[in-house]
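*Asks:* structure of the sequence below:
(2 chains)
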Amino acid sequence: MEWLITGIILTSFVVLGSSRLASSIRMVALQGGLLSILPVLSRPSFFDLHGLTLFIISFFIKTVAIPVFLFRSLKQAKIQKEVEPIVSLHLSLVGGGAILVMAFASLRAFPLPTAPFPPLIIPAALTTVLIGFFLLVSRTKAITQVIGFLILENGVFLFGMTIISDFPLTVEMGVLLDLLVGVFVMGIIIYHINKTFDHIDTQALSKLRDVE
Amino acid sequence: MILLFLITIPALLGVATLFISGEEKRKTRRRILMLGASLHFAGTLSLYFSGVSRKWNDYILLDPLGLLFLSITSLLFFLVAIYSFGYFYKEHKPPTKEGGTKEGVRHLYTPCMLFFLSAMSLTTMTTHLGLLWVGIEATTLATAPLIYYHHHEQALEATWKYLLICSVGIALALLGVFFIAAAGKGSGVDLFVESFVEKAAILNPRWLRIGFILILVGFGTKMGLAPMHTWLPDAHSEAPSPVSALLSGALLNAAFLGILRCYQICFAAHLADFAGTLLTLFGLVSLFVAAVFITAQRDYKRMLAYSSVEHMGILSLGIGVGAGFGSLLHVISHSLTKCLLFLLAGQIVLTYRTKKTTEVHGLLRTLPMTGILFTIGGLAIVGFPPFSPFLSEFLILKEGFAAGHSVAMAFYLIFLGIIFVSMSQILFGMLQGEKRELPHKMERTYLMMVAPVFLAAAIFLFGFYLPAPMVVFLNSAAKLLGGPL
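*Replies:* From the prediction side, this is the model:
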């Protein structure tokens, strides 16, 4: 399981350092896939209905539905220039490294019960959440902001895994459905941003202010 | 069964309406909206009769707190549905220069409204923290297309901000829910609020604290507490007025309910002081931000939006200082008054075609009915007696002082004073002045007047007289928050 968790951290870093939107989306898909496999491994038997149903649904939503949808908005938007970070990619990676160090250093402050997962899961979740935040504030493309949001959510899900056995299946499916619909609505809005401005740079969205 | 009906009927009607598109069918869609609203309202009323079950299963049930929020939502939705008949009688261009009314997803108005009603009902009907989260997130998604109704650049910006900021906020709240679950891990609690309250003594206070902070920040974003309120003025000013009315009167309440549920747990776990201090702090910051921005405001819909930030601050402060009854009464007062004001603002937008306060004068002479009701609403919202916001704000003040929070109460009074002066200045500037010719006339005025007249009468009545059953009911709800009696 350590390998999977390390993989989740690494995928966030690849997104952080990647200059191409398509590879970012692929990495988020991979991360979602790794995240869906993780709870299956933690269960004593592979063939239990709750775990299996959840695996199928979450794998489908995170690795198939959402990425396919993001690729479609990418195509519609006909993006010429790729990622345009406010903070340069190198600096982003350094920032990500700092986040990672901080997350591991604060491990002692969070002695949460993680069984049956390795204790690595808590700093990994923290790193993923914070990298998601970092992407949200340091990138200007609407699509990269959605990717940042997805990584943030993945971090939250990773954290939730340590207690997920307490959630009934219907509620978990509700959470996943909300995520899917959320990305769907965001995709529609991206489409409209692109149609209105001919690009999807959110810096154009700064007309509303209090005092003219 | 009624509860299930209240959740599924609007959702099913909404799905059905998705297939009724096209400009010529707008009347049919409004009728379906009205049908959904009436059925929901009738269902909600029936819940007050004894013998009607307020429980469907462990997940879907109503406690007094939930019933209070459900009733407000249902009533406002019903009134807004009537108002929509008049407001959307004819398509009108939004009051902006570049505002093109392109063809597009406009027919999504009715379905999204109905989805919103369904999600709101779910939110009020559950004490399961996970399901509560699902409901609150669903309200965000259902309202995003509503804010984009006008399809121009500003609406787009407002929608994107709303969607992204609230989604991130709510993701944080999910983290908070997980922390609260972690606090109870190993003690055999389910994720129900009652279950946490029952086992409060053995919860891990450390995780509970972190969980509460995350939930307060997360749902606080949705509720519009400063400094996470940045999406709120944009969304409220760009959305069509009936939507703004519901955003302010119902949607913000849903997030507040989320915070209240967690406060219930903290209170039972003897963390009321900790939670109260945080709520007080956020409340005062919101009041401060609202006071500053209302003073500088030149757009009356934005001014009303900042006034919502103010009142959310008052609610948070009220719970923080332990004024449960006063705060819940204020939920009612604020929802009714703000809904009234936004509906009237809609009439002003329709006729004056501007949102600038400097271009609206002589409301009392030009549109006497709107003007009089706007005066009532305006006086009520700044806390002038004898309207119900005055009563609830005063109750919070009284209970706050009684509980020994004099510093917080002093700041509360100062900020309320500033807002009183600056907001009445703006409002009276709009109300007074010479009669003028308007670029547009209102059609179907009577349909747009039913709701405001009813709301104005209600806030006037509640300012004088609270019916005894209502006091009992509010007390039973406040009891859940640990208030005295």
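*Asks:* and the longest helix seen in chain A, which residues are buried?
*Replies:* Longest helix in chain A, counting residues (DSSP state H): helix A:169-197. Of all the residues in helix A:169-197, those buried under the rule 16 or more other Cβ atoms under 10 Å in any protein chain shown are A:171-183, A:185-194, A:196-197. (C-beta placed from N, C-alpha, C; glycine too.)
*Asks:* now narrow the residues you listed to whatever sits close to chain B.
*Replies:* Taking Cβ under 8 Å from any Cβ of the partner chain as the test, chain B is in contact with A:171-172, A:174-175, A:177-178, A:181-182, A:185-186, A:188-189, A:192-193, A:196-197 out of these.
*Asks:* quick one: which of those residues is nearest B:Ala119?
*Replies:* Distance to B:Ala119 across these (Cβ to Cβ) is lowest for A:Asp178, with 9.7 Å.
*Asks:* alpha carbons of stretch B:281-293, as PDB, please.
*Replies:* Extracted C-alpha coordinates of stretch B:281-293, given in PDB (Å, rounded to 0.1, in the frame of the first residue of the first chain):
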ATOM      1  CA  LEU B 281     -14.900  36.300  15.900                       C
ATOM      2  CA  PHE B 282     -16.100  35.400  12.400                       C
ATOM      3  CA  GLY B 283     -19.400  37.200  13.200                       C
ATOM      4  CA  LEU B 284     -17.600  40.400  14.100                       C
ATOM      5  CA  VAL B 285     -15.300  40.300  11.200                       C
ATOM      6  CA  SER B 286     -18.300  39.900   8.900                       C
ATOM      7  CA  LEU B 287     -20.100  42.800  10.500                       C
ATOM      8  CA  PHE B 288     -16.900  44.900  10.100                       C
ATOM      9  CA  VAL B 289     -16.500  44.000   6.400                       C
ATOM     10  CA  ALA B 290     -20.200  44.600   5.700                       C
ATOM     11  CA  ALA B 291     -20.000  48.000   7.400                       C
ATOM     12  CA  VAL B 292     -17.100  49.100   5.300                       C
ATOM     13  CA  PHE B 293     -18.400  47.900   2.000                       C
END
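*Asks:* what about the chain, any weak spots by pLDDT?
*Replies:* Using chain A. Along chain A, the parts satisfying pLDDT under 70 run over A:46, A:78-84, A:164-166, A:211-212.
*Asks:* um, chain B though
*Replies:* In chain B, residues with pLDDT under 70: B:90-106, B:483-485.
*Asks:* give me the element the nearest residue to A:Ile37 once chain neighbours are set aside is part of.
*Replies:* Leaving aside its sequence neighbours, A:Ile37 sits nearest to A:Leu4 (Cβ to Cβ, 6 or more residues apart in numbering or on different chains; 6.3 Å). Taking DSSP states H and E as the criterion, A:Leu4 maps to helix A:2-17.
*Asks:* if I look at the residue in the stretch 151-300 of chain B that chain A sits nearest to, how far off is A:His192?
*Replies:* Minimum separation of the stretch 151-300 of chain B from chain A (Cβ to the nearest Cβ) falls at B:Glu157, amounting to 3.9 Å. B:Glu157 is 11 Å from A:His192, where distance means Cβ to Cβ, to the nearest Å.
*Asks:* now stretch B:249-259: buried residues?
*Replies:* B:249-259.
*Asks:* so which helix or strand takes in the residue nearest the centre of chain A?
*Replies:* Residue closest to the average C-alpha location in chain A (Cα atoms, centre = their mean): A:Ile151, at 1.7 Å. Assigned by DSSP H and E, A:Ile151 belongs to helix A:142-161.
*Asks:* does that helix reach chain B?
*Replies:* Yes. Judged by Cβ under 8 Å from any Cβ, helix A:142-161 and chain B are in contact via A:142, A:145, A:149, A:152-153, A:156, A:159-160.
*Asks:* possible to save the residues you listed as a markdown table with neighbour count?
*Replies:* Converted to a markdown table, the residues of helix A:142-161 next to chain B look like this (neighbours: other Cβ atoms under 10 Å in any protein chain shown):
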| residue | neighbour count |
| --- | --- |
| A:Ala142 | 26 |
| A:Gln145 | 23 |
| A:Phe149 | 23 |
| A:Leu152 | 25 |
| A:Glu153 | 27 |
| A:Val156 | 24 |
| A:Phe159 | 25 |
| A:Gly160 | 23 |
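*Asks:* out of these, which comes closest to B:Met430?
*Replies:* Nearest to B:Met430, judged by Cβ to Cβ, of the residues of helix A:142-161 next to chain B is A:Ala142 at 36.7 Å.
*Asks:* excluding chain neighbours, what is closest to the closest one?
*Replies:* Computed as Cβ to Cβ, 6+ apart, the closest residue to A:Ala142 that is not its neighbour in sequence is A:Ile200, at 4.3 Å.
*Asks:* wait, the one you found sits on A:Ile143?
*Replies:* Yes. Look at A:Ile200 against A:Ile143 with Cβ atoms under 8 Å: they come within range, at 6.1 Å.
*Asks:* which residue is the nearest non-sequential neighbour of B:Gln458?
*Replies:* Actually, residue B:458 is Ala. It isn't Gln. Closest to B:Ala458 by Cβ to Cβ, 6+ apart is B:Leu336, at 5.4 Å.
*Asks:* tell me which element the one you found falls in.
*Replies:* helix B:324-352.
*Asks:* quick one: the helix holding A:Leu4 to chain centroid distance?
*Replies:* How far helix A:2-17 lies from its chain's middle: 11 Å, per Cα atoms, centre = their mean, to the nearest Å.
*Asks:* isn't the residue nearest to the centre of chain A right up against A:Gly132?
*Replies:* Yes. At 3.8 Å, A:Ile151 counts as touching A:Gly132 under the criterion of Cβ under 8 Å.
*Asks:* where do the contact lists of the two overlap?
*Replies:* Taking Cβ atoms under 8 Å, 6 or more residues apart in numbering or on different chains as the criterion, A:Ile151 and A:Gly132 both touch A:Ser12.
*Asks:* what sits against A:Ile25?
*Replies:* Contact partners of A:Ile25, counting by Cβ under 8 Å, 6+ apart, are A:67, A:70-71, A:74, A:147.
*Asks:* end-to-end on stretch B:372-390?
*Replies:* Terminal residues of stretch B:372-390 lie 19 Å apart, using Cα to Cα, to the nearest Å.
*Asks:* over to stretch B:436-454?
*Replies:* 27 Å.
*Asks:* neighbouring contacts of that stretch?
*Replies:* B:79-80, B:82-83, B:85-87, B:89-90, B:92, B:339-340, B:343-344, B:346-347, B:350-353, B:361-362, B:366-367, B:369-370, B:373, B:377.
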